[in-house]
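Asks: Predicted model and sequence below, questions to follow.
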Amino acid sequence: MAADTYSLQALVLRKTKLGETDLIVTLLAQDGRQVRAVAKSARKPNSSFASRLEIFSEVDLLLVCGKSLDIVKEAKLLNAHIGVREDMEHAAAAAPIVDLLTRLTQPDLESPRLYDLSASALEHAESCDATGALAVCAAFMLKAFAFSGFRPSLNRCVMCGRPLASDDSRVQVAFSPAEGGAVCRDCLMFSDTVQVGSDVLSWAHWLMMSTFDEIAQREVPRHISFEILHLCQAWVREHVGSKLKSLEFLFTCGLF
């Protein structure tokens with residue numbers, strides 16, 4: 001009996017070598033699930049998969065159901081996001097997007113809005129300069145946290161709800177990944193926190209609540225984006241249980 005086949009639109013998140021010529025591709029399906037599949041002979045120079053299953057690419061796939069992993073039979077490239085992949089600064093700025101998706105998504109957990117969010121983030125990161133791509137990446141991570149059920153509280157005390165919004169960079173605000181966000185002075189004694197500039201949290205809240213179109217039209221200071229990405233790394237470590245290597249590379253690569 002012929003094996004079942006099905007179509008899948010997906011975003012390529014990761015590639016892992018299998019044997020001498022095969023690849024395991026980790027995908028974000030259009031419904032938000034994580035899918036892993038085998039692309040046989042994809043590492044051969046003449047393989048039709050070689051240029052169609054690159055990281056950051058949006059693809060339309062035909063897959064055959066397998067015993068443990070499904071098998072890619074056909075792949076049509078929908079959007080390669082060349083501007084992200086072929087520029088080192090853009091690639092470094094966008095890598096945390098796909099890295100985070102591999103940690104947040106699960107095979108049986110649908111999150112339909114996540115695919116559109118991810119595709120839009122890559123499209124806007126590609127159209128921005130490298131500094132703008134950093135802001136898009138920071139915004140994506142905050143939005144992805146919210147979509148996944150652990151949205152950080154950035155403008156109110158996470159414990160008592162008191163408003164904390166301020167644009168004064170001289171004002172320091174306590175931030176606790178373990179508790180879920182910003183903590184006011186009255187609640188500080190109950191939480192293990194780090195001190196963050198109030199302007200950083202104000203920018204982070206704006207990035208989380210704004211569209212990518214709005215973010216692309218506004219100049220977010222580079223140092224602010226990095227401060228927010230450091231908070232995101234602490235958030236991932238606390239709520240996902242590991243650090244993102246792509247963020248560690250971004251912090252130390254010296255490209256920015």
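Replies: That came through fine.

Asks: So, low pLDDT: which residues of the stretch 101-250 of the chain?
Replies: Scanning the stretch 101-250 of the chain with the threshold set as pLDDT under 70 gives 165-169, 190-191.

Asks: again, only this time at 50
Replies: Within the stretch 101-250 of the chain, the set of residues satisfying pLDDT under 50 is empty.

Asks: so where do the helices sit in it?
Replies: Counting by DSSP state H, counting those that start in this stretch, the stretch 101-250 of the chain has helices at residues 112-127, 130-147, 198-209, 212-216, 222-239, 245-252.

Asks: for those helices, which one ends up most surrounded?
Replies: helix 130-147 (a mean of 24; mean count of other Cβ atoms under 10 Å). All C-beta spots, glycine's among them, are computed from the backbone N, C-alpha and C.

Asks: how big is the angle separating it from helix 112-127?
Replies: With axes from the mean of the first three to the mean of the last three Cα atoms, to 10 degrees defining the directions, helix 130-147 sits at 170 degrees from helix 112-127.

Asks: Output helix 130-147 as CSV, restricted to C-alpha atoms.
Replies: C-alpha atoms of helix 130-147 as CSV (Å, rounded to 0.1, in the frame of the first residue of the first chain):
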residue,chain,number,x,y,z
ALA,A,130,21.3,45.8,10.4
THR,A,131,20.4,48.0,13.4
GLY,A,132,16.8,47.9,12.5
ALA,A,133,17.0,44.1,12.2
LEU,A,134,18.2,44.0,15.8
ALA,A,135,15.1,45.9,16.9
VAL,A,136,12.9,43.5,14.8
CYS,A,137,14.5,40.5,16.4
ALA,A,138,13.9,41.9,19.9
ALA,A,139,10.3,42.7,19.1
PHE,A,140,9.8,39.2,17.7
MET,A,141,11.1,37.6,20.8
LEU,A,142,8.9,39.6,23.1
LYS,A,143,5.8,38.9,20.9
ALA,A,144,6.7,35.2,20.7
PHE,A,145,6.9,35.0,24.5
ALA,A,146,3.5,36.5,24.7
PHE,A,147,2.0,34.2,22.1
